[in-house]
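Visitor: Please work out how this folds:
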Amino acid sequence: MSLSRQVLMALALLLIFSSCSPRRSEIALRPSEVPASRLVDLVDAADANLVTMIGQGTVTFESPEAAGSASFELSLRKPDSLLIAFEGPFGIDVGTLFLSRQLFVMYNSMENHVTSGVPTARAIRSVVPFDLTYEQILNAFTGAFPVAEKESTPLSYTVDGDQFRLVYACGTDSCTYWIDPADLLVRRYRRENSNGQVIMEATTSGTIEDQGARTPRRVIVSFPGEMRRVAIHFSSAELNTPSVSFDFTIPPTARRTVR
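Guide: Numbering: from 1, shown residues only. The predicted model follows:
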């Protein structure tokens, strides 16, 4: 093969691989040059690039009632389908959680018990030891913490270290977002009540990039007042894969509870 042909092939490979990777943001870390509304739009657009995901990792939880960890395999299709299979030590099948806007199904294989119903916060709390809404669970496993108050004017918009810091009024509470300008990920989220007490806090770290999308490798969500904490760590993930399965099986002998 001639040298010129080798160079052309190398350039072609570079173009192929670069087209499969998300472009890094080049926005300046200066609020005067990037209006808050523009920054939030950029974050939303980057989040929207993630449509499907298949991943594996570990989840660890701590609460006054119980604590533990498990491996998981995840299938996700945004905006509303999530399937997680949990596995304990030595490959022991722990259970399966399916979640959509209309339905949740939680199968506890250790007790051979399945709970299903509409995914209200109360119903979800009946199967997991956290006050998490459907959206918060989806956000936790995708590492996305969208600015819900984006139509309003932020109370504060500054630079904190190497990140943008946005503070919004959330009813009588305040919500603070720290945004990394490089990958447009929310690296920290905090909600405080009117007394300055932290109700909920989330942090993300690391980045997985694939097929024009990105997601954090590690997500930690905590509720300090309730001493509850969940940590999610992806060992691997495929983003925007075209084939995602949500098939799961529940034994006909399982006891059933409808919420």
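Visitor: what about residue 202, how many residues close to it?
Guide: 22 (other CB atoms under 10 Å). In short, each C-beta sits where N, CA and C put it, glycine included.
Visitor: tell me which element it is part of?
Guide: strand 198-205 (DSSP states H and E).
Visitor: so where is this protein shaky, pLDDT-wise?
Guide: Where the chain drops to pLDDT under 70, the residues are 1-26, 90, 129-130.
Visitor: 80 instead, please
Guide: Applying pLDDT under 80 to the chain picks out residues 1-29, 90-92, 121, 125-132.
Visitor: hmm, back to that, so which bits of the strand holding residue 202 are buried?
Guide: For strand 198-205, a neighbour-count test (16 or more other CB atoms under 10 Å) marks 199, 200, 201, 202, 203, 204 as buried.
Visitor: got CSV for those residues, with distance to residue 61 too?
Guide: Shown next, in CSV, are these (distance: CB to CB, whole Å):
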residue, distance to residue 61
199, 18
200, 15
201, 15
202, 14
203, 16
204, 17
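Visitor: Just the closest of those residues to residue 183, please.
Guide: For the buried residues of strand 198-205, the residue nearest residue 183 by CB to CB is residue 204; the value is 10.1 Å.
Visitor: That closest one and residue 179 touch, don't they?
Guide: No - if you go by CB atoms under 8 Å, residue 204 and residue 179 don't touch, sitting 10.8 Å apart.
Visitor: any shared contact partners between these two?
Guide: Overlap of the contact sets of residue 204 and residue 179 (by CB atoms under 8 Å, 6 or more residues apart in numbering) consists of 185, 186, 187.
Visitor: Show me which of these is closest to residue 245.
Guide: residue 185 (27.3 Å).
Visitor: separation between that closest one and residue 178?
Guide: 10 Å (CB to CB, to the nearest Å).
Visitor: Tell me which of those two has more neighbours.
Guide: When neighbours are counted by other CB under 10 Å, residue 185 comes out ahead of the other of residue 185 and residue 178, with 25 against 20.
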